[in-house]
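Student: This is a predicted model, with the sequence first.
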Amino acid sequence: MMKPTVYIETSVVSYYTARSSRDLVVAARQELTRECWPRIEADFERHISVLVLQEAEDGDPEAAGKRLQAVSGIPVLRIDDATEELARYLVVNGPIPKGHPNDALHISLAARNGMHYLLTWNFAHIHNAQMENEIRTIVEEHGYQCPVICSPDELIGD
């Protein structure tokens, strides 16, 4: 039986590899991510994208190295014209703010590649209850099935 597919957005990789935060909410999310990572690795067919690699490379070189190490060996999805078109539509005609086109691109990459799940800790513009219905509608109007957008703990469910 094939494993369900999951697109891992950069925030999850960052929470997985970062030093524990002093912010209690962030620290809790980091710990949840670390607890869920082995199950995600075992139970799902994981995917990232060239965008995740680009975002993971940014910032402190040591932290970037940890992020890139965490995703090494995970299949990388490419960005094509149709992916960019859907992302553009999510920004111009949809709920994603113009200043956050990469958030739309993550959604588009997951949808365009038929991922079952989009895993994120981005509650501002990706996993946002006020935006998700509009995101789903736009994705489906473009002929794709919208992945279930969730955080690591929601995916694992323990």
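Tutor: Sure, I can see it. Numbering: from 1, shown residues only.
Student: Okay, now the unreliable bits of this structure?
Tutor: Scanning the chain for pLDDT under 70 picks out the ranges 158.
Student: Please enumerate the strands of it.
Tutor: Counting by DSSP state E, the chain has strands at residues 5-8, 45-49, 76-77, 117-119, 148-150.
Student: what does the first one contact?
Tutor: Surrounding strand 5-8, the residues in contact under the criterion C-beta atoms under 8 Å, 6 or more residues apart in numbering are 40, 44-49, 52, 71, 74, 77, 106, 109-110, 113-119, 147, 155. Bear in mind the C-beta positions are built from the backbone N, C-alpha and C, glycine included.
Student: What of the shortest one?
Tutor: Strand 76-77 is contacted from outside by 7, 47-50, 52-53, 109, 113, using C-beta under 8 Å, 6+ apart.
Student: Parallel or antiparallel, list what pairs with that strand.
Tutor: Paired neighbours of strand 76-77 in the sheet (DSSP bridges): strand 45-49 (parallel).
Student: buried residues in the strand it pairs with?
Tutor: By neighbour count with 16 or more other C-beta atoms under 10 Å, strand 45-49 contains the buried residues 46-49.
Student: That concludes my questions; thank you for your assistance.
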